[in-house]
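**Q** Okay, here's the prediction I keep looking at, along with the sequence it came from:
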Amino acid sequence: MSQPLRIFLTGSGGILGRHVATALQAHAPGAQVLRNTADLTDLAATTRVVQRAGPLDLVIHLAALVPVDEVCADPARGYAVNAGGTINLIAALAAAEVGQATPARLLHCSSGHVYAAQDRPISEEDPTDPVSVYGKTKLMGEQAARDICAQVGRALCVARLFSIHDPAQEGNYLRPSLERRLAKASPETEFELYGAGSLRDFLTAEAAAQQLVRLALSSFEGVVNLGSGRAQTVAEFAQSFAPFPLKIKAMGADNNLVPDVSLLHDILGEAND
Ligand SMILES: C[C@H]1O[C@H](OP(=O)(O)OP(=O)(O)OC[C@H]2O[C@@H](n3cnc4c(=O)[nH]c(N)nc43)[C@H](O)[C@@H]2O)[C@@H](O)[C@@H](O)C1=O
């Protein structure tokens, strides 16, 4: 009888992490899921936790400093967690795997914010030129992961998530910010909205977690975009949560970040529309 799959999960306490843990139960029944408890910016602590986890088949790395605003407000911490934490995790894995025949596969969760904004769906070959400091920290994490994994022949899949939302999100994420403002808005008053015309691909965290887990359990190596394949403006997204037609007043500049998801569909065996 084959051994159960041993999966190490970082960021399991976050919104995406909770959905990923649930999706793993459905897609990898019988797998042993070991949750990271270390602060990834602390290499010694991370190494201890990874050593204690024992031999691993798959690592799903979600832990990151989010949302965009928080990283822009504290770039040092953003780089420490999103780039440094990724480097520490892979270094800890390498230290724990001494004598192990095959290094664990790594699913590294990145972001559509690593790309330059485009007025058409963005494919994995399109240039990276982050639209935010947050995107820069995620790009640095990806680049480090690629080089460090290549050195030991670790299978690496980089999943670039675009715009995820969830009813449990709090703080400065777009959805809770809109919900707070909409609770006080009235049909007569203008609703000021930054980036109202910006196109995004809005995916629920639950749907994103399903895609992530199916990708993690596949053998695909390289970079792949995640998304629904449907573009919506920030204004349309705001309207979808409003109980009345909004008088939206567009503020600031727009940028479009919409993924081409044909590679994802090919990997998951889904039809491209
Ligand atoms: C996967 C990906 O998911 C997220 O990326 P995103 O959806 O691009 O999120 P964003 O925060 O850049 O905003 C989207 C748009 O909405 C406009 N906007 C208006 N009013 C508010 C507002 O009140 N809050 C926010 N956050 N945005 C607002 C804002 O100007 C922009 O045009 C991140 O969690 C990121 O961590 C990540 O990796």
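**A** Yep, it's here. Numbers count the residues shown, from 1 in each chain.

**Q** gap between the nearest residue in space to Tyr173 that is not next to it in sequence and the ligand?
**A** Spatially, and ignoring its direct neighbours in sequence, Tyr173 is nearest to Pro67 (5.1 Å; CB to CB, 6 or more residues apart in numbering). To be clear about C-beta, it is placed using only N, CA and C from the backbone, and glycine gets the same treatment. To the ligand, Pro67 is 4 Å away according to CB to the nearest ligand atom, to the nearest Å.

**Q** same question, Pro4
**A** 31 Å.

**Q** rewinding a little: phi, psi of the residue nearest to Tyr173?
**A** Main-chain dihedrals, Pro67, degrees, to the nearest 10: phi -80, psi -170.

**Q** Neighbours of it, how many?
**A** Residues near Pro67, counting by other CB atoms under 10 Å, number 18.

**Q** Kindly report the same for the one 5 residues further on.
**A** When counting by other CB under 10 Å, one arrives at 14 neighbours for Cys72.

**Q** Glu236 too?
**A** Counted with other CB under 10 Å, Glu236 comes out at 15.

**Q** Pull the contacting residues for the residue nearest to Tyr173.
**A** Contact partners of Pro67, counting by CB atoms under 8 Å, 6 or more residues apart in numbering, are 134, 171-173.

**Q** same check, this time on Gln118
**A** Gln118 sits next to 126, 256-258 when contact means CB under 8 Å, 6+ apart.

**Q** coming back round to it: out of the contacts of Pro67, which is nearest to Val33?
**A** Taking CB to CB as the measure, Val33 lies nearest Tyr173 of the contacts of Pro67, at 25.6 Å.

**Q** And that closest one, how far from the ligand?
**A** Relative to the ligand, and taking CB to the nearest ligand atom, Tyr173 is found at 6 Å.

**Q** swap in Val114?
**A** Distance of Val114 to the ligand, given as CB to the nearest ligand atom: 9 Å.

**Q** my guess is that residue contacts Leu139, does it?
**A** Yes. The pair Val114 / Leu139 is scored as a contact, 4.3 Å apart, by CB atoms under 8 Å.

**Q** which residue ranges form the strands in the stretch 101-250 of the chain?
**A** 105-111, 156-161, 163-165, 190-194, 199-200, 202-204, 222-225, 232-233, 247-251 (DSSP state E, counting those that start in this stretch).

**Q** Which two of the contacts of Pro67 have the greatest separation?
**A** Tyr134 and Gly171 (14.0 Å).
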